[in-house]
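K.L.:
this is a predicted model, with the sequence first.
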Amino acid sequence: MSDLPELASDCAACAALCCMALAFDAGDSFGFDKPAGLPCPNLDAELGCSIYGRLEAEGFAGCASYECKGAGQRVTQDLFAGRDWRSEPDLAQPMIAAFAAMRLVHDGIELLETARWLDLPPALEAERQALLRSYLPPAWTEDSLAAFATSGAPVRLKAFLPRLRDWV
Ligand code: SF4
């Protein structure tokens with residue numbers, strides 16, 4: 001398929017969604033607790049990470065290894081035209097919701113794209129392609145993303161993947 005989105009994070013094009021939307025617990029991967037929906041105290045005024053160059057040394061290996069698979073910049077740019085929740089706090093909740101749904105979309109695309117390299121029988125390959133198409137509409141909106149998250153596609157994907165075990 002030619003219309004695949006970028007499946008790697010581009011933090012420069014993102015409004016630091018993972019640093020605000022996600023929760024983390026103090027431990028080996030994070031230096032302190034942070035609830036979902038609140039900005040990390042290490043975020044600087046430009047929505048950059050003030051300890052970016054020393055995340056592991058500061059106890060934030062989880063941040064260094066986190067990969068949103070392109071969901072963050074896609075939500076920021078495609079759905080919110082580069083706006084951000086800090087300048088416009090009313091955007092925080094819709095951006096959190098869109099980011100959660102887009103992560104689901106990009107996780108699914110990555111799994112289905114990985115499966116293309118398996119030597120699947122035609123019927124399963126056709127199913128893979130049909131399922132992938134449901135993850136690749138011409139464009140996403142806040143409403144269509146919200147609907148997708150509760151649609152049958154994620155459920156169908158979850159049922160589809162174990163059926164590939166004989167070709168892995
Ligand atoms: S430590 Fe840095 S990368 Fe990790 S959540 Fe905070 S601002 Fe983001």
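P.N.:
The structure has been received and is ready for your questions.
K.L.:
contact residues of this protein facing the ligand?
P.N.:
Taking Cβ under 6 Å from any ligand atom as the criterion, the chain approaches the ligand at residues Cys19, Cys40, Asn42, Leu43, Cys49, Ile51, Phe60, Cys63. In short, each C-beta sits where N, CA and C put it, glycine included.
K.L.:
and if we set it to 8 Å?
P.N.:
Those residues of the chain that sit near the ligand, judged by Cβ under 8 Å from any ligand atom, are 16, 18-19, 22, 24, 30-31, 34, 39-44, 48-52, 55, 58, 60, 62-64, 66.
K.L.:
looking at these, which are in helices?
P.N.:
Secondary structure of those is defined by DSSP state H; positions in helices are Cys18, Cys19, Gly62, Cys63, Ala64.
K.L.:
what are the phi and psi values at the closest residue in space to the fourth one that isn't next to it in sequence?
P.N.:
In space, Cys63 comes closest to Leu55 once its chain neighbours are excluded; the distance is 5.1 Å by Cβ to Cβ, 6 or more residues apart in numbering. Backbone torsions of Leu55, given as degrees, to the nearest 10, read phi -60, psi -50.
K.L.:
now do Ala92
P.N.:
Dihedral angles phi and psi of Ala92 (degrees, to the nearest 10) take the values phi -60, psi -50.
K.L.:
so which residues of the chain form helices?
P.N.:
Under the criterion DSSP H, the chain carries helices at the ranges 17-21, 61-65, 71-74, 92-115, 122-134, 142-149, 152-160.
K.L.:
hey, which of those is tucked in deepest?
P.N.:
Of all the helices of the chain, helix 71-74 has the most neighbours on average by mean count of other Cβ atoms under 10 Å, namely a mean of 25.
K.L.:
quick one: contacts of it?
P.N.:
The set of residues external to helix 71-74 that reach it, using Cβ atoms under 8 Å, 6 or more residues apart in numbering, is 5-6, 9-11, 13-15, 17-18, 99, 102-103, 105-106, 140.
K.L.:
which of those residues sit farthest apart?
P.N.:
Pairwise distances among these were taken by Cβ to Cβ; the largest, 20.2 Å, belongs to Cys11 and Trp140.
K.L.:
still on that earlier bit, out of the residues of the chain next to the ligand, which are inside strands?
P.N.:
Among the residues of the chain next to the ligand, no member falls in strands (criterion: DSSP state E).
K.L.:
middle-most residue in the chain, spatially?
P.N.:
What sits nearest the mean C-alpha location of the chain, by Cα atoms, centre = their mean, is Arg103, with 2.6 Å.
K.L.:
okay, now the unreliable bits of the chain?
P.N.:
Low-confidence segments of the chain (pLDDT under 70): 1-2.
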